[in-house]
Every structure is written in C-alpha cells, then in structure tokens.
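Asker: Sequence and predicted model, in that order:
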Amino acid sequence: MTKIGIAGCGGRMGRALIAEVLATPGARLAAGAERPGDPAIGHDLGELVGGPAQGIVATADPEALFAASDVVIDFTAPGATTANARIAERTGKAMVIGTTGLDAAQSAIIEEAAEEAPILRAANFSVGVTLLLAMVERAARALGPDYDIDILEMHHRHKVDAPSGTALALGRAAAAGRGVALEDVWQKTRDGQTGARPRGEIGFATLRGGDVVGDHTAIFATDGERVELGHRASSRQVFAKGAVRAALWVAGKPARLYSMKDVLGLV
Ligand code: NAD
C-alpha cells in the first residue's frame, strides 16, 4: 500500500484527490494539510468529501503531512508548493505537483528539490492533454512557420493565474516543434494598437467564467485553412485520477524531475 498525503486537502482539487485516493486500490489516504486558519483544519478527511470518517484530520503542519506519507500530492498555490518542495528535498519523500502559476525562480526551486527527491510535475494530469501536447508539438513541426499559432483557453471564474499552466505547456510544445524557446516568441495578451501579427509569434487568449473545468484549443491558421486541436475536461476527477496514478508510479523512484509522459510511457 502506498501512503498518500494531500496538500491543500480542503480545495477543489484537494477534495477530488481525497475521493480518488479512497477509491484507488493500492493507495492509502495517510494525511491532509491545509493553510493555517483554513476552515478544513481539524475536520476528518472522509467527512470533507461527504463520506464516512477516515480517522484522519486535516493538519496545518506540512512536516507532519510529509512524515505520514510515502508521497505527497500538492495542488495548492506557488508559495505553498515551493515550501513543500523544500521539505521533499530535505526528507527525500516523493511529490506530485499540479499547482500552476509558478514563476521561473519558483520553478528553479522545484528543479533543485528534484535532485534529492523524486518529483513529478505536470500542468495537466489528464491522459487526453498529455496526448494533445505530443500532437501539438508534431503539428507545429509539420506545418511550419507559415501557420500562425494561438492557444485559446477557458476556465471557471475562480482561477487565479492566466494563461493557464496547460495553455503555456501547449505553447511550449508548439515552440519545441518549431525549435524555438517559447519565451522568445510568446504574446500573452493583446490590447490596443498592436500592429500586425509578427511571423513566428505564439499567442494566447484567455476566457474566464462559470464552472468551466478546462477547455484548450491550439489553432494553426494560414491563408486558406485553419487546423484546430483541442481538449475539453468536463470533470476535475480526470485530473485527480491522473495525479493518483502518478503518485503510485513515482513513489520509490530515484530522485529526478518526472512528467506525465514518463507515467504514460510516451518518452
Ligand atoms: P483551490 O483554491 O480550490 O485549492 C487550493 C487549496 O490550497 C486551498 O484550499 C488553499 O487553502 C490551499 N492552500 C493554500 N496555501 C496552502 C498551504 N500553505 N498549505 C496547505 N494548503 C494550502 O484551487 P484548485 O482549483 O483546487 O487548484 C489548485 C491548483 O491546482 C491551482 O494552481 C490550479 O491551477 C492547479 N490545477 C492543476 C491541474 C493539473 O492537472 N495540473 C488541474 C486543476 C487545477
């Protein structure tokens, strides 16, 4: 049995993860942590998801979360995720990271921690998006620079970062297909007198509203035709399922930074 701890266990993904761990053979729910002062602290993890009590209450102590777990799944916020990565670095405990919106310095902390602990990070844990990333890279390579690439995404009204981590990952896949660095060609917002679209630019467009779980479309447009590759998630349980699968896979692996491609055997 792999002991799994959930960071951010009171959040939207945290609750989906509790339910998924409880439903997964070979996985045992070991602990859950929330930020100090969160209303979930002190509540039983089973009752947080409307099920029977599990005899484990949400803690505000991340050290206790790691001590109780073989692997910690973290879908929280960039500051919490980097603090947790430091604990993984110190203890060698495995981690699965789904948090998005990390800047370059915060990503560097994750990479450093992965020298001492097995860490699996993905902007999107769905099998469909993992496949889409590979398809977008291939399409960008095959279609070439005559096709303008824009990534369109829509998420629920509560999302706090933009463009989404998945949109940026799709942009990165397209840039890799063209043999360029995304940061050299991206246009994350357009407003006012922008001038004509520069050749080679990879653009982003962000929609927010309602309860949309996550829609992404990569658009390749040229004179006379347009190719669109897309994905729609209708339940966040699909991310929880992928993250629990990733947790069972990464626990006990050598220290390194892994991705969903490793889990699905796409590398
Ligand atoms: P949410 O706001 O519902 O949940 C985040 C939870 O983390 C909250 O309950 C918050 O209190 C908790 N938290 C914050 N700081 C903490 C700390 N120091 N210690 C413990 N808990 C802490 O948000 P959400 O919709 O569940 O999304 C969480 C993150 O996961 C976001 O970055 C989102 O973009 C990302 N996400 C990733 C995927 C994926 O497949 N990779 C899918 C969905 C969401």
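Answerer: Alright, I've got the coordinates.
Asker: where along the stretch 51-200 of the chain do the helices fall?
Answerer: 62-68, 78-91, 104-113, 127-143, 165-178, 182-185 (DSSP state H, counting those that start in this stretch).
Asker: Need those helices in JSON lines (columns: mean neighbour count).
Answerer: Using the backbone N, CA and C atoms, a C-beta is placed for each residue, glycine as well. Shown next, in JSON lines, are the helices of the stretch 51-200 of the chain (neighbours: other Cβ atoms under 10 Å):
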{"stretch": "helix 62-68", "mean neighbour count": "18"}
{"stretch": "helix 78-91", "mean neighbour count": "19"}
{"stretch": "helix 104-113", "mean neighbour count": "14"}
{"stretch": "helix 127-143", "mean neighbour count": "18"}
{"stretch": "helix 165-178", "mean neighbour count": "23"}
{"stretch": "helix 182-185", "mean neighbour count": "14"}
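Asker: Please read off the pLDDT at the residue lying closest to V180 once chain neighbours are set aside from the model.
Answerer: Excluding the flanking residues, the one nearest V180 by Cβ to Cβ, 6 or more residues apart in numbering is G200, at 7.2 Å. Predicted confidence (pLDDT) for G200: 97.
Asker: A19 now?
Answerer: 98.
Asker: so it touches V49, yeah?
Answerer: Yes: if you go by Cβ atoms under 8 Å, A19 and V49 touch, sitting 4.9 Å apart.
Asker: Could you report the separation of the residue nearest to V180 from S69?
Answerer: Counting by Cβ to Cβ, to the nearest Å, the gap from G200 to S69 is 45 Å.
Asker: tell me the contacts of E201?
Answerer: By Cβ atoms under 8 Å, 6 or more residues apart in numbering, the contact list for E201 reads 148-149, 185-187.
Asker: E137 is in contact with L229, correct?
Answerer: No: with contact defined as Cβ under 8 Å, L229 and E137 do not form a contacting pair (10.6 Å).
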